[in-house]
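Participant: Build me a structure from this.
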Amino acid sequence: MIKKKAPPSQDYMKYWRVIRYYIIAKYKITTAELDILLFLYSEMYFGKHQFNEYDELLSWDDARFYKLMKDGWIVTFREKKGNKKALYELSYKARRMIGSLYKKLNGQEIPESQGTNPLFHKDASYQDKVYRNYIKEMNAFIRQQRHLSRQ
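Facilitator: Predicted coordinates:
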């Protein structure tokens, strides 16, 4: 008889690829932009130097910082004044997006409606449809786990 192991208690990354794909599609950002926003999420305030340090790990894009500012993901906390450098922080929009990502990693279902999930639009690409089907399976699994934990 094969003894069945209990599932790991911390299995956050099981659906990482699906959740990342959904977040990128919903918020119209790139993987590199998501990566740097995740890095900056734990920083209260940061300078351009900190941004550039992590940005070196990503695909080269000289305008990434300014694009993130223009798109409202990063905002200025303190303007440069005299010998004090400018400081930046993630915007409310960025913090909400990352909070949503963490909720999904912790077991919150991904919406399946056309209004809140671009992967469910009628004109979705083939790849979007593949992910859409997996989201349905993932949500069913999450509902089943929730049901089992109540018993």
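Participant: which residues touch the spatially most central residue of the chain?
Facilitator: In the chain, the centroid-proximal residue (C-alpha atoms, centre = their mean) is Leu101; its distance is 4.5 Å. Taking C-beta atoms under 8 Å, 6 or more residues apart in numbering, we find Leu101 in contact with 19-20, 23, 38. Every C-beta, even on glycine, is put in place using the N, C-alpha and C of the backbone.
Participant: For Phe120, see how far away Asn133 is.
Facilitator: Distance from Asn133 to Phe120, counting by C-beta to C-beta, to the nearest Å: 11 Å.
Participant: neighbour-wise, which of those two wins?
Facilitator: More neighbours surround Phe120 than the other of Asn133 and Phe120, with 19 against 11 (other C-beta atoms under 10 Å).
Participant: Neighbours of the closest residue to that one other than its chain neighbours, how many?
Facilitator: Of all residues not flanking Phe120 in the chain, Gln114 sits nearest, at 4.8 Å (C-beta to C-beta, 6 or more residues apart in numbering). Gln114 has 12 neighbours, counted by other C-beta under 10 Å.
Participant: does Gln114 count as helix, strand or coil?
Facilitator: Assigned by DSSP: H, G, I helix; E, B strand; the rest coil, the conformation of Gln114 is coil.
Participant: what's next to the helix or strand of the chain with the lowest mean pLDDT, contact-wise?
Facilitator: One helix or strand of the chain scores below all others by mean pLDDT, DSSP states H and E: helix 126-150, with a mean of 91. When contacts are defined by C-beta under 8 Å, 6+ apart, helix 126-150 is touched by residues 15, 18, 21-22, 25, 107-110, 112, 117-121, 124.
Participant: quick one: that helix to chain centroid distance?
Facilitator: 18 Å (C-alpha atoms, centre = their mean, to the nearest Å).
Participant: do the same with stretch 65-72
Facilitator: 17 Å.
Participant: Could you do stretch 79-95 as well?
Facilitator: Using C-alpha atoms, centre = their mean, the offset of stretch 79-95 from its chain centre is 22 Å.
Participant: Alpha carbons of it, as CSV, please.
Facilitator: Output of stretch 79-95 as CSV, limited to C-alpha atoms (Å, rounded to 0.1, in the frame of the first residue of the first chain):
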residue,chain,number,x,y,z
GLU,A,79,11.2,66.2,-5.7
LYS,A,80,14.9,66.8,-6.0
LYS,A,81,15.8,69.8,-4.0
GLY,A,82,19.3,71.1,-3.5
ASN,A,83,21.5,68.1,-2.5
LYS,A,84,18.5,65.9,-1.7
LYS,A,85,17.8,63.3,-4.3
ALA,A,86,14.3,62.7,-5.6
LEU,A,87,12.4,59.9,-3.9
TYR,A,88,9.7,57.7,-5.5
GLU,A,89,7.1,55.3,-4.3
LEU,A,90,4.7,52.8,-5.9
SER,A,91,1.3,54.4,-6.6
TYR,A,92,-2.0,53.3,-5.1
LYS,A,93,-2.7,51.6,-8.4
ALA,A,94,0.5,49.6,-8.3
ARG,A,95,0.0,48.5,-4.7
